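*Asks:* structure for the following, please:
(2 chains)
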Amino acid sequence: MILERLLYNLRSQGLRVGPAEWLDFLRGLEAGLAEDMDQLYWFSRAILVHDEGGYDAFDVAFSATFKDIDLPPQLKDALVEWLSQAREGNPAVPVPPGFNSLEEMLAELKKRLEQQKGRHDGGPHWVGTGGTSPFGNSGRNDQGIRIGGTGGGRGAVQVAEERRWGAYRTDLTLDIRDFQVALGMLRRLQREGREQLSIERTIQRTADNGGEIELVNERERVNKIKLVLLMDVGGSMDPHSALVSRLFSAAKDMKIFKSLESWYFHNCPYTWLYKDFRTYERKATAEVIASLSPEHRLIWVGDASMAPWELTSSAGGFGDQGPTGLDWLKRFAAKTRHAVWLNPDPPQYWDHPTVSAIRATFPMYPLTVEGLKNAVSRLRRTAAG
Amino acid sequence: MIPTSPPGTFQGTSRYIADDGLLADVNAAIVLGRPLLVKGEPGTGKTVLASAVAEALGVPFTVWSIKSTSKAIEGLYTYDVVQRLNDARFGEGDVRNVRRYIRLGPLGQAFSTSQRVVVLIDEIDKADIEFPNDLLRELDEMAFYIHELDETVRAAHRPIVIITSNAEKELPDAFLRRCVFHYIAFPDRERMRRIVDVHLPELPEKLVEAAFSRFYSLRRQDGLRKKPSTSELIDWLTVLARMGVPVEDLVAKLPYAGILLKQEADLALSERARR
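*Replies:* Just a heads-up that it's a prediction; the model follows:
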């Protein structure tokens, strides 16, 4: 059955359509909510997709399902109804140009329907959508007969094939606002309480006072989460600088964290972390590590790709003593579990020795909206457990 | 023609221009009796939709504006315990009658009227993350239980519930599964033209065209923190027309840029881009 094919196409596109939605969808079909392809498109999308991030995947599945199928039965029903109305001489049904009488046109329509093997979109002749034929819907023959559908629009399958929602996919990188939504999930970690009346304690105290009312407010709880962004800049990170600065401004604008610190490094943190590379305002990495509390959440941003010696020798090869870059990373990891690494390179490029070494130290996610969401939920899990 | 609109469905209003998809989804929500969740960029007419639906169907309309402190129960009812304590203390009123201290919220009122109504739950994402989950059962059954009275209020006519979200927070899956979802895409030039014509019917053609070009190229600019929206475009056009800004100015400069861009960083960015 064609609808089942839609269901499995949707699921193979990664849309988690469950039985509850599917039943709702079938219920809606029964109620006559989708009598033609356009309505079917809008209606099924509204019921089965819950987020604009899924619209593109939906379009792919929808066009794959309905691209080459027969004229849907609903459209045929609409035709039959229209034919009966036309036969009754309904004046609202105009005769398209090129025909001398209604009868002549009806005969032609029947003929074309019989000849037509399948559903048809576009073109001047067949019954379908988006064409200039006098029959069908969403077409450009002004005086033609609209069969189902809504006038002036494009056919649903065509709309789906255009994939206009590609930019909304959550597995691709997006803009500041999307980052903020993802970072906003960290807010759930925070005890976000405010001053509020404690009814139980008010009643208790009022009773203790012999009826003299005493309002008791519960103590305000405070936001505790402190966000630390540690960003790799320069070199192989240059192509990603716009993306990283977007993430940074997203975090900066949010004001939901108790504090936000940001530090820069090149390739790997060594003895110093920089506030600003131009002014060389800096702080000793050891001090930053020492200042970390259980409320801090660390987000590393970097491609983690470098020459192996930059990771495994002291000060990236410029010093001869002391901890290596990897040592520094491990010191961070030893101090706090609440740390993740975001990599702007797509995961297929992570097959690199220094990336593997860093991944063994911090859980790594791609710097996309979805990646950031997963990173944030990881941070929520480390806080819970 | 064939698909005539059945009574009780929404076809837009003279002031509210909706695309076919939105119309289909509003009607799907009405027929299924499910809440309609509307998302979209700020300024795409999410909030206005509910009043347009109410107007088109000729039914009453109530708004429940969500704040960060809102709790689900407040939309249903509140029990004013402090007033009751106060009355008990000073011997005022009939303290034994709990009913006097129960006040129905916007959703509670919608459930208890004998008529079908449109309820707008505006900006649900402002509230705590648990908020939508706390309304699941009530929205499913369109009924709620008043603990203090041991009473269940059940809607005689399922209200049309429209919920807007600015995507400031993720909404829980269980909640999403129960909603009809529609994302209002930002209007393209053609539809924007129709929207502007409804609001400002007598603008000179040239001015609108020039302003549209500036507006859409501004929206395409990378790195804007807040893209200008429909309502800002309409404000801007109003000012341009009222102040008699010459059309040529729109090519060389961006007059009254502050109406379109509200953030200093964005203004600076548009300055730089023009040089």
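*Asks:* A:Leu260: what secondary structure?
*Replies:* Using DSSP: H, G, I helix; E, B strand; the rest coil, the secondary structure recorded for A:Leu260 is strand.
*Asks:* would you mind naming the residues that bridge with the closest residue to it other than its chain neighbours?
*Replies:* Counting by CB to CB, 6 or more residues apart in numbering or on different chains, the nearest residue to A:Leu260 once its immediate chain neighbours are dropped is A:Leu227, at 4.9 Å. Where you see a C-beta, it was placed from the backbone N, CA and C, and this is true even at glycine. Each beta-bridge partner of A:Leu227 is listed here: A:Leu260, A:Arg297, as defined by DSSP bridges.
*Asks:* show me the shaky parts of the stretch 51-200 of chain A.
*Replies:* A:68-175, A:187-195 (pLDDT under 70).
*Asks:* which ones are touching A:Val244?
*Replies:* Taking CB atoms under 8 Å, 6 or more residues apart in numbering or on different chains as the criterion, A:Val244 is in contact with A:231, A:233, A:237, A:301, A:344, A:367.
*Asks:* let's see 6 Å
*Replies:* A:Val244 makes contacts with A:231, A:301, as judged by CB atoms under 6 Å, 6 or more residues apart in numbering or on different chains.
*Asks:* for the chain, which segments count as strands?
*Replies:* Unless you meant another one, I'm taking chain A. For chain A, the strands identified by DSSP state E occupy A:128-129, A:135-137, A:145-146, A:196-197, A:217-218, A:226-232, A:259-265, A:272-276, A:281-284, A:296-301, A:339-343, A:364-366, in order along the chain.
*Asks:* think we crossed wires, I meant chain B
*Replies:* In chain B, strands defined by DSSP E lie at B:36-40, B:61-65, B:77-79, B:102-104, B:118-122, B:143-146, B:151-154, B:160-165, B:180-184, listed in chain order.
*Asks:* so what's the residue nearest the centre of chain B up against?
*Replies:* Central residue of chain B (CA atoms, centre = their mean): B:Thr47, 2.0 Å from the mean position. Taking CB under 6 Å, 6+ apart as the definition of contact, the neighbours of B:Thr47 are B:122, B:164.
*Asks:* got it, and the one 5 residues further on?
*Replies:* B:Ala52 is in contact with B:13, B:16, counting by CB under 6 Å, 6+ apart.
*Asks:* how about the one 10 residues further on?
*Replies:* Listed by CB under 6 Å, 6+ apart, the contact partners of B:Thr62 are B:106, B:110, B:119.
*Asks:* now the strands of chain A in a markdown table, with mean neighbour count?
*Replies:* Conversion of the strands of chain A to a markdown table gives the following (neighbours: other CB atoms under 10 Å in any protein chain shown):
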| stretch | mean neighbour count |
| --- | --- |
| strand A:128-129 | 26 |
| strand A:135-137 | 27 |
| strand A:145-146 | 23 |
| strand A:196-197 | 12 |
| strand A:217-218 | 13 |
| strand A:226-232 | 22 |
| strand A:259-265 | 18 |
| strand A:272-276 | 16 |
| strand A:281-284 | 12 |
| strand A:296-301 | 24 |
| strand A:339-343 | 24 |
| strand A:364-366 | 21 |
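*Asks:* which one, of the ones you listed, ends up nearest to B:Met243?
*Replies:* Each of the strands of chain A has some distance to B:Met243 by CB to CB; the shortest is strand A:259-265, at 40.9 Å.
*Asks:* so which elements touch the closest one?
*Replies:* Here strand A:259-265 is seen to pack against strand A:226-232, strand A:272-276 when contacts are counted using 3 or more CB pairs under 6 Å, 6 or more residues apart in numbering or on different chains; DSSP states H and E.
*Asks:* circling back: put together a markdown table for the strands of chain B, with distance to A:Ala284 and mean pLDDT on each row.
*Replies:* Below are the strands of chain B laid out as a markdown table (distance: least, CB to CB, whole Å; pLDDT from 0 to 100):
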| stretch | distance to A:Ala284 | mean pLDDT |
| --- | --- | --- |
| strand B:36-40 | 46 | 91 |
| strand B:61-65 | 49 | 92 |
| strand B:77-79 | 55 | 91 |
| strand B:102-104 | 59 | 91 |
| strand B:118-122 | 50 | 93 |
| strand B:143-146 | 59 | 90 |
| strand B:151-154 | 64 | 90 |
| strand B:160-165 | 45 | 93 |
| strand B:180-184 | 48 | 91 |
